[in-house]
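A.B. asks: generate coordinates for the sequence data below:
(chains A and B)
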Amino acid sequence: MEKIDLAGTRIGGLHQMDDEELVKRARGGDRPALGVLVSRYERRMYNAALKITGNRQDAEDALQETFLTLVRRLGSFRGDARFSTWLYRVAVNAGLQVLRRRTELPSLDGGERAPAEPSHDRTPLKSVLVNETKELLNNAVAELPEALRTVFVLRELQGLSTAAVAEVLEISDQAVKNRLHRARLALREKIAPYFDNEERGIRS
Amino acid sequence: MKCKEVFEALQGWLDEDLAKEVCAEVEVHLEHCPDCRVFVDTLRKTVVLYRSQEDEPVPSDVHSRLWHQLELDDIVAEIPFPTKE
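C.D. replies: The predicted structure is shown next:
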């Protein structure tokens, strides 16, 4: 966390509060509390949405939907589940919904979507290789079946525990482990040729 | 231990969730089976590769539009951005 002196601002003391306390305040109309809550989870939800949907436009749509849902349902969030678990569930559903909407409705622009990664046009040379690897991974993750992708994103990329993923997706711990294993095997299959080429030094 | 059993044991092995005896059996099998060795090696490299990827920051235009949608424009300036974990 960046060190910024927030004393005296409206959000000064809010950063020290836990999620549940902030939810309680936000429910009572405390907008700075809502702001702190959003800032706390924005990056995590964006990245989860990005990996689940596989492209930036859909990720932004899912991100907005996630937090709009949060605002709409603040009143009904009773704290039965941990806030983060609840929010991840909203984000996963939003991401999947955006994807479904996209496949149901042919888009007016001929279906062209922005690629998941920016083009290399303005990218410094040294980060081209980093981007290349990222793109390879992102494409491989995007091609995973939905049931494997959601588990993989939450467990491996977002770092949730097996139990937390099980709660978010409302499946058993064992199902999380099985799907994660299948996801890894599928990713290996797609990525292994890259290691072969890398070792032989003939990466194209 | 057969190749198929190694395959099944890999799940626990990656999560350091494998009994010591099974782990030792896997190691022995790998010493004698080049196919499994390559398989396990690429699987491990795959896991290492994606675990090395960091979350990216929310692009500033995406961030602005989100906070505008939430009608929090007046608060956005008071909250440090980009937020660091």
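A.B. asks: give the residue farthest from the middle of chain B.
C.D. replies: Taking CA atoms, centre = their mean as the measure, the residue most remote from the mean C-alpha position of chain B is B:Asp74, 37.4 Å away.
A.B. asks: for it, give its distance to chain A.
C.D. replies: Taking CB to the nearest CB, to the nearest Å as the measure, B:Asp74 falls 8 Å from chain A. (Glycine included, C-beta is placed from N, CA and C.)
A.B. asks: so how far is the helix or strand harbouring that residue off the chain centroid?
C.D. replies: Here B:Asp74 sits within helix B:73-76, counting by DSSP states H and E. In terms of CA atoms, centre = their mean, to the nearest Å, the centre of helix B:73-76 is set 35 Å apart from its chain centre.
A.B. asks: who's in contact with the residue nearest in space to the middle of chain B?
C.D. replies: Centroid-nearest residue in chain B, with CA atoms, centre = their mean: B:Arg51, separated by 3.9 Å. With CB atoms under 8 Å, 6 or more residues apart in numbering or on different chains as the criterion, the residues that contact B:Arg51 are A:Glu156.
A.B. asks: ok, it to A:Tyr41 distance?
C.D. replies: 22 Å (CB to CB, to the nearest Å).
A.B. asks: please apply the same query to A:Leu14.
C.D. replies: The value you get for A:Leu14 to A:Tyr41, if CB to CB is used, is 14 Å.
A.B. asks: what about residue 43, neighbour count?
C.D. replies: As the question left the chain open, I've gone with chain A. If you count neighbours by other CB atoms under 10 Å in any protein chain shown, A:Arg43 ends up with 20.
A.B. asks: wait, chain B
C.D. replies: For B:Leu43, the number of neighbouring residues by other CB under 10 Å comes to 21.
A.B. asks: wait, isn't it in contact with A:Ala186?
C.D. replies: No: distance between B:Leu43 and A:Ala186: 10.9 Å, which falls outside the contact criterion (CB atoms under 8 Å).
A.B. asks: now do the SS call for the nearest residue to A:Phe152 once chain neighbours are set aside.
C.D. replies: Distances taken as CB to CB, 6 or more residues apart in numbering or on different chains put A:Ala183 closest to A:Phe152, at 4.0 Å, once the chain neighbours are dropped. For A:Ala183, the reduced secondary structure class is helix; criterion used: DSSP: H, G, I helix; E, B strand; the rest coil.
A.B. asks: my guess is A:Ala183 contacts A:Leu154, does it?
C.D. replies: No: applying CB under 8 Å as the test, A:Ala183 and A:Leu154 come out as separate, 10.8 Å apart.
A.B. asks: which of these two has more residues huddled nearby?
C.D. replies: Under the neighbour definition other CB under 10 Å, A:Ala183 and A:Leu154 were set side by side, and A:Leu154 has more, 27 against 23.
A.B. asks: OK, contacts around that one?
C.D. replies: With contact taken as CB under 8 Å, 6+ apart, A:Leu154 is in contact with A:Ala48, A:Tyr88, A:Val92, A:Leu160, A:Ala164, A:Val165, A:Val168, A:Leu169.
A.B. asks: how about 7 Å then?
C.D. replies: A:Leu154 makes contact with A:Tyr88, A:Leu160, A:Val165, A:Val168, according to CB atoms under 7 Å, 6 or more residues apart in numbering or on different chains.
A.B. asks: no further queries at this time; thank you.
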